[in-house]
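Q: With the sequence up front, the predicted model follows.
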Amino acid sequence: MHYERSSKLPLENDEISRLLCEARAGSSEALGRLIDAGRNYLMAIARQAIPDALKAKAGESDLVQETAFEAQRDFASFGGESADELLAWLRRILLNNVSNFSRHYEQTEKRKVKLEFPLDSSGHNPSEIKDRGPSPSACAISRELQQRIDACLDRLPSDMKRAIVLRNREHLSFAEMSLLLGRSIDATRKLWVRAIERMQAELRDVK
């Protein structure tokens with residue numbers, strides 16, 4: 001399937017350059033603005049990429065939220081300088097998430113798992129997004145950002161923290177998470193979305 005490969009951020013080129021510089025200097029607010037500016041583009045890609053059979057299990061907004069969180073976490077691996085390069089990088093993360101979810105769902109269906117928990121996360125084998133190898137300074141920024149993320153995660157209520165760990169680190173589906181959290185699938189998805197939004201807000205507030 002062909003996915004749209006070009007678009008524009010709703011920001012001027014000078015502002016994009018400034019925000020990229022500030023984000024690389026450690027500004028979570030600047031990084032958040034860049035990623036938020038790409039959400040509409042990512043939603044359009046997600047609508048094309050998610051198979052119709054899976055849309056009831058993973059909506060576009062869920063995968064875009066997950067992509068935004070991972071982009072914020074892994075920004076040090078981004079080596080581009082332009083809006084087009086940023087959008088291409090975000091698109092790769094999103095399509096990787098769609099691929100992982102689809103593969104995981106197919107494997108789950110083949111095993112006919114109903115009440116199996118917790119799953120062995122090694123079975124999901126999520127692939128990593130790799131652009132240019134990070135420089136030592138980029139690695140330092142990555143470590144600092146990871147420390148901020150871990151600190152924000154620790155400040156979340158226990159149910160929100162567990163939802164993020166199950167979804168983003170153990171790569172469970174919402175159906176599997178619902179069994180562990182004792183909630184409906186819809187309530188589990190909403191809990192995860194609230195947790196991600198709270199994490200992103202806290203990261204933007206960190207100076």
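A: It's in. This structure is a prediction, so every number in the text was calculated from the model and none was measured.
Q: Secondary structure element holding Phe101?
A: Assigned by DSSP states H and E, Phe101 belongs to helix 83-111.
Q: just Glu29 next, same as before
A: Counting by DSSP H and E, Glu29 is part of helix 28-37.
Q: do the same with Leu11
A: Using DSSP H and E, no helix or strand contains Leu11.
Q: ok, it to Ser102 distance?
A: Going from Leu11 to Ser102 by Cβ to Cβ, to the nearest Å gives 32 Å. The way it works is simple: take the backbone N, C-alpha and C, and place the C-beta from them, glycine included.
Q: same thing with Gly182?
A: For Gly182, the distance to Ser102 - Cβ to Cβ - is 27 Å.
Q: Pro10 now?
A: For Pro10, the distance to Ser102 - Cβ to Cβ - is 30 Å.
Q: what about those two, which has more around it?
A: Neighbour tally, Pro10 and Ser102, criterion other Cβ atoms under 10 Å: the higher count belongs to Ser102, 17 against 12.
Q: how close does that one sit to Ile35?
A: Distance from Ser102 to Ile35, by Cβ to Cβ: 23 Å.
Q: Equivalent analysis for Arg204, please.
A: Distance of Arg204 to Ile35, computed by Cβ to Cβ: 10 Å.
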